[in-house]
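> fold the following, please.
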Amino acid sequence: MKEYVLVMRPVATALDKLQAEEQAYLGCMLPILATTVLSLRELRATNLQFCLPLVDVLLMSIDRRFGHLLQEKEYLLAAGFHPRFVINN
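Numbering: from 1, shown residues only. Model (predicted):
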């Protein structure tokens, strides 16, 4: 059960952020997806005993459903110009 919670935490956090009204911007979509995928890939590198197939299926499903968005100009521009994600020097 602890492994399941550990694996599903990044997915649940991403869903909470994407469903919240204050985060409902197109520019938040790709950074949230990228963070979720990165978290799942990091978990995949750990010693998961039971939930490794779940991580693989989640990564495959995210790529199948949202992978094409990484090629969409509108999504890339929205993420690049969203004030929350702009890096100030």
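
> from here on, contacts and neighbour counts on C-alpha atoms
Fine.

> look up phi and psi at Asn47.
phi -90, psi 70 (degrees, to the nearest 10).

> what's the local residue count around it?
Asn47 has 9 neighbours, counted by other C-alpha atoms under 10 Å.

> ok, it to Glu3 distance?
10 Å (C-alpha to C-alpha, to the nearest Å).

> flag the shaky bits of this protein, pLDDT-wise.
23-24, 82-89 (pLDDT under 70).

> ok, 90 please
Along the chain, the model assigns pLDDT under 90 to residues 1, 14, 16-35, 45, 47-48, 66-89.

> show me where it has its helices.
2-19, 26-44, 52-66, 73-81 (DSSP state H).

> ok, now which ones touch the closest residue to Leu48 other than its chain neighbours?
In this structure, Leu48 finds its nearest non-sequential neighbour in Glu3, 7.1 Å apart by C-alpha to C-alpha, 6 or more residues apart in numbering. Listed by C-alpha atoms under 8 Å, 6 or more residues apart in numbering, the contact set of Glu3 reads 48-51.
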